[in-house]
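Asker: okay, here's the prediction I keep looking at, along with the sequence it came from:
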Amino acid sequence: MRVLIVKLSSLGDVVHAMPVVHDLQAVYRHAQVDWVVEPGFAPLVRRVHGVSEVIECAQRRWRRAWWTRPVRDEWRAFRAQLAQHRYDAVLDLQGLTKSALIARLADGPSFGLANRTDGSGFEWPARWLIDQPLAMEPHVHALDRSRKLAGMALNYTVQGPPQFGLRADAQPLPVPTLVFVHGSSRDDKLWPEQHWIDFGKRCIGSGWRIALPHAGPVELARAQRLQQAFGAHAEVWPAMSLDALVDRMGATQGVIGVDSGLSHIAVALGLPHVQLYNFPTAWRTGPQVAHGHRHQVSVERSPTPEVDLVWATWQVVRAASRA
């Protein structure tokens, strides 16, 4: 059996689709799984155990210069790579017009969403571009949605907690290090800087070193302000590729983070993790008890989780990770 997954973006969505690979190969032991994804996320997908080929699809960039010769050449090369194999199933796990068009181009029967689910992206043309649209319960976690769709398409029942298969090439750091994922693409998801400072000082007082990743100038400036507040016990990580970031994070002993792609990577790596929500949406994307990971917890409060609550939750998570 050969299966093609179409999940182009974004970072968190790609992470939530990873357990499908393990599920498929647990049922169909020798199944080969290929994946179509945006180039920026391809290094991440290549680290997922069980993925055979990663097909890069630069749709975002192509749309900006579709009339140029280099883009036309890249598109032809993409089409040729997509046509190399006949697939037993093509799984559009995204439910957007752009992903459904890619699934339709592939050689094999395509399966995708027949309806929108709560809080998730869906475009109605996708239903008509897919060979076999599958109805999905409306209130479902993003991770469970992908797993269930694949199971419905390939006639198996999803069982057990999700297995992401994401590999980090790193040895644990000698000094206990806690990553603060402080950045997000949406300002309303952020945790107040003073909360980070108050929480970080408690961590430092307990023997932790703080790591501060960043993406872009705004997050870099925030990371530098936090480092100044923490002093020598904190480090601002340099800008690095997604590949290197996975390795660096995989060497740490835990993560506190807002709802962002980097926090979802922490979940996939199995790190002790507290994920912070300012809205009641943790059911949709956050770590869940139902997923079998007691050492990964979502905390949500309005307008934002309190420092004392996050600290108490982190103690519970640490205890669970050592059990």
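Answerer: Nice, thanks for sending it over.

Asker: so Asp131 sits against Ala106, correct?
Answerer: No. Contact criterion CB atoms under 8 Å: Asp131 and Ala106 do not qualify, at 10.6 Å. C-beta here means a position set from N, CA and C on the backbone, and glycine is covered the same way.

Asker: neighbour count winner among these two?
Answerer: Comparing Asp131 with Ala106 by neighbour count (other CB atoms under 10 Å), the higher total belongs to Ala106, at 22 against 14.

Asker: need phi/psi at the more buried one.
Answerer: Ala106 adopts backbone torsions of phi -70, psi 160, taken as degrees, to the nearest 10.

Asker: ok, now which ones touch it?
Answerer: 4, 6, 36, 82-83, 87, 90 (CB atoms under 8 Å, 6 or more residues apart in numbering).

Asker: could you work out the most separated pair of these?
Answerer: Val6 and Ala83 (14.6 Å; CB to CB).

Asker: the two - which one has more neighbours?
Answerer: Shown here are Val6 and Ala83; by other CB under 10 Å, Val6 has more neighbours (29 against 11).

Asker: now the strands for the stretch 101-250 of the chain?
Answerer: 110-113, 132-134, 177-181, 209-212, 234-236 (DSSP state E, counting those that start in this stretch).

Asker: include mean pLDDT, distance to Gly40 and mean neighbour count when you put those strands into a markdown table, please.
Answerer: A markdown table is the format used below for the strands of the stretch 101-250 of the chain (pLDDT from 0 to 100; distance: least, CB to CB, whole Å; neighbours: other CB atoms under 10 Å):
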| stretch | mean pLDDT | distance to Gly40 | mean neighbour count |
| --- | --- | --- | --- |
| strand 110-113 | 98 | 23 | 25 |
| strand 132-134 | 98 | 28 | 17 |
| strand 177-181 | 98 | 18 | 24 |
| strand 209-212 | 98 | 22 | 22 |
| strand 234-236 | 98 | 22 | 19 |
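
Asker: the ones you listed: which one's closest to Ala142?
Answerer: The nearest among those, by CB to CB, is strand 110-113 at 12.0 Å.
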